[in-house]
Every structure is written in C-alpha cells, then in structure tokens.
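Trainee: all I have is the shape, not the residue letters:
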C-alpha cells in the first residue's frame with residue numbers, strides 16, 4: 001500500500017492533502033461517506049497523522065465526493081486524536097491544491113471555490129495572478145455564542161469561568177489570569193495541560209462535542225495572540241481558523257468588533273496571524289449568529305509517497 005500527499009503549511013500549522021492511494025470510500029451521500037471513513041478506513045488517519053510519518057500536531061485533508069450542487073469539492077479533516085469538525089488553515093491549503101492541480105476553474109483576479117465539510121458549506125475566494133495562488137479568504141458557517149460565564153471545576157480543584165462558542169467547531173474560551181499564568185511559549189507544557197483539563201470538563205458538563213480550548217488574554221490589542229489546543233494535546237501552531245472564528249464571534253457579540261472591522265488574530269507559538277472580519281449578521285437554530293471571514297495564505301512544503309511494509313511492526317503508526 002502507498003499513500004501520496006502534497007504538504008503545506010498555513011501560519012506554521014502543518015497540513016497534508018491526500019492525493020492518491022486512498023481506498024474506495026463508499027456511501028450515497030456526504031454523511032454516509034464520512035461515516036464509512038470513520039468506521040472502515042480510520043487506519044489512514046492514524047498512518048498519516050501518527051509517528052513515524054506524522055506527529056501530534058499534523059492535520060490531514062482527506063478529499064471525498066461531495067453531494068451539494070454548489071460545491072466544487074468536499075473534505076474531511078483528520079488529526080492525531082480526532083476528526084476535526086473544521087480546520088480553516090487546512091481549507092486554505094486545500095484551495096491552493098485544487099487550483100494548482102487544475103481541479104477547479106481559475107479566474108483572475110480572484111477565484112471562488114466552494115467546499116463541503118462536516119459543518120456545512122464554506123465559500124472561499126483565492127487570489128489568482130499569472131498562474132499563482134496568493135491569499136485565500138473564506139466565509140465560514142454561521143458562528144454563535146453558545147454559553148457565557150460557565151463555571152468549571154478542574155481536576156486540580158481550580159474554578160474557571162469559560163465561554164463556549166461555535167465557529168464550525170465548539171471551543172471553550174478561558175482567560176489566562178484565571179489559570180494564574182501569562183500566555184507565552186515558555187509556558188507551553190503548562191498551558192497544554194490546563195487546556196486539556198478545561199476541554200475535558202467542558203465536555204462532561206456541557207455534553208457538547210468540544211473541539212478544544214482557547215487560552216486568551218483580556219486585551220483587545222491588534223494583533224492579538226492566543227494559545228489553542230485541539231483534541232488531546234494538539235497545540236495549534238498557526239492562527240487556527242475555527243478558533244479565530246470563535247474569538248471574533250465572541251468579540252463581535254460583546255461589541256468589541258463591528259461588522260466590516262478587521263483584526264489580526266494569531267498564535268503565541270509562531271506569531272503568525274490571519275486577518276479576521278465579521279461580514280454578515282445571521283441566525284442559525286434560534287441563535288443570533290455571524291459570518292466570519294478569515295484571510296491567510298498557504299505555502300507548499302513538499303510531496304510524499306508513503307510506503308507501508310507488511311512486516312513493519314509499526315506499520316499502523318504510534319502516538320507517544
């Protein structure tokens with residue numbers, strides 16, 4: 001068995017697009033095909049996200065057949081410890097891949113690409129000049145604040161107040177002062193442990209499919225930097241598209257970010273930012289919601305042909 005990929009990064013977050021070697025994915029609709037992947041070929045996620053071919057912070061883009069007439073392509077987002085509901089950086093990388101490989105019709109100065117993913121339809125707009133892809137901006141699914149000032153008792157006995165926001169995925173937002181730390185790379189291990197604890201307690205209390213936790217400060221500086229942990233100890237290197245959407249949504253509903261106003265949101269890990277803009281007020285499932293635009297750029301890092309020898313005792317991969 002062999003799997004072929006093209007690798008990118010967006011804001012420092014490593015992304016891997018599967019381009020060949022996937023087993024047949026069965027199902028009559030997007031939902032059935034997604035369930036088939038989860039139940040029958042989950043080994044692909046592990047082989048590409050786990051060591052020795054991947055690592056904990058790797059995200060793999062798995063293209064599947066779409067079932068929406070408006071969509072140009074469909075995708076699942078695979079990570080080391082979970083299937084991500086949505087990944088903004090991966091979407092930006094996937095758009096570049098589609099355009100560079102002639103899988104969508106490209107027009108100057110900007111090309112529209114519509115992606116179907118687990119939360120719904122995401123509309124992307126990519127700069128296209130002289131055969132090259134530049135910045136990509138996307139309009140995510142409607143985002144909203146699920147709950148405000150939810151108290152959680154962590155495993156350490158510390159009580160923290162969180163806000164749970166949906167931006168294609170559910171995140172808990174907690175402020176650094178509640179954890180008695182400041183956001184810095186020097187506190188990487190400590191912040192990861194705190195974030196994992198917050199996510200687990202939020203899952204237990206809210207019964208929501210939480211994607212992760214965002215450790216934020218209370219400033220409204222531009223740019224603003226946060227620490228985002230997805231799944232189990234998966235530290236986001238870049239700006240985190242769904243995390244930035246959640247932060248911008250929370251700022252918007254608190255009156256700290258207006259429609260049409262842009263701000264730079266970034267990661268404390270790489271200091272790389274995306275331009276984030278609320279563009280439209282809307283509603284979803286009875287919630288007041290907002291459409292957030294995220295703009296950044298993908299950079300290609302290489303091509304791979306991964307091989308899997310049958311007598312390799314670690315052929316399935318491993319995750320420390």
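Mentor: That came through fine. Owing to the predicted nature of the structure, the values given are computational and were not obtained by experimental measurement. Numbers count the residues shown, from 1 in each chain.
Trainee: give the contact list for the residue nearest the centre of the chain.
Mentor: For the chain, the residue nearest the mean C-alpha position is residue 87 (2.2 Å; CA atoms, centre = their mean). Residues near residue 87 by CB atoms under 8 Å, 6 or more residues apart in numbering: 15, 59, 77, 241-242. Where C-beta positions appear, they are placed from N, C-alpha and C, glycine not excepted.
Trainee: pretty sure residue 293 is touching residue 137, no?
Mentor: Yes - with contact defined as CB atoms under 8 Å, residue 293 counts as touching residue 137 (5.5 Å).
Trainee: could you chop this protein up by domain?
Mentor: 2-141+300-307, 144-295 (automatic domain parsing).
Trainee: for the longest one, give the mean pLDDT please.
Mentor: What it means is domain 144-295. Across domain 144-295, pLDDT averages out at 94.
Trainee: can you check stretch 57-77 too?
Mentor: Mean predicted lDDT for stretch 57-77 stands at 97.
Trainee: that stretch: end-to-end distance?
Mentor: Start-to-end span of stretch 57-77 (CA to CA, to the nearest Å) is 13 Å.
Trainee: where do the strands sit along the stretch 51-200 of the chain?
Mentor: All strands of the stretch 51-200 of the chain, identified by DSSP state E, counting those that start in this stretch, fall at 59-64, 73-79, 83-84, 110-117, 120-129, 132-139, 144-153, 159-166, 170-175.
Trainee: need the ones you listed in JSON lines with mean neighbour count and distance to residue 4, can you?
Mentor: Formatted as JSON lines, these follow (neighbours: other CB atoms under 10 Å; distance: least, CB to CB, whole Å):
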{"stretch": "strand 59-64", "mean neighbour count": "23", "distance to residue 4": "12"}
{"stretch": "strand 73-79", "mean neighbour count": "23", "distance to residue 4": "15"}
{"stretch": "strand 83-84", "mean neighbour count": "20", "distance to residue 4": "21"}
{"stretch": "strand 110-117", "mean neighbour count": "20", "distance to residue 4": "21"}
{"stretch": "strand 120-129", "mean neighbour count": "18", "distance to residue 4": "23"}
{"stretch": "strand 132-139", "mean neighbour count": "18", "distance to residue 4": "20"}
{"stretch": "strand 144-153", "mean neighbour count": "15", "distance to residue 4": "39"}
{"stretch": "strand 159-166", "mean neighbour count": "20", "distance to residue 4": "34"}
{"stretch": "strand 170-175", "mean neighbour count": "24", "distance to residue 4": "33"}
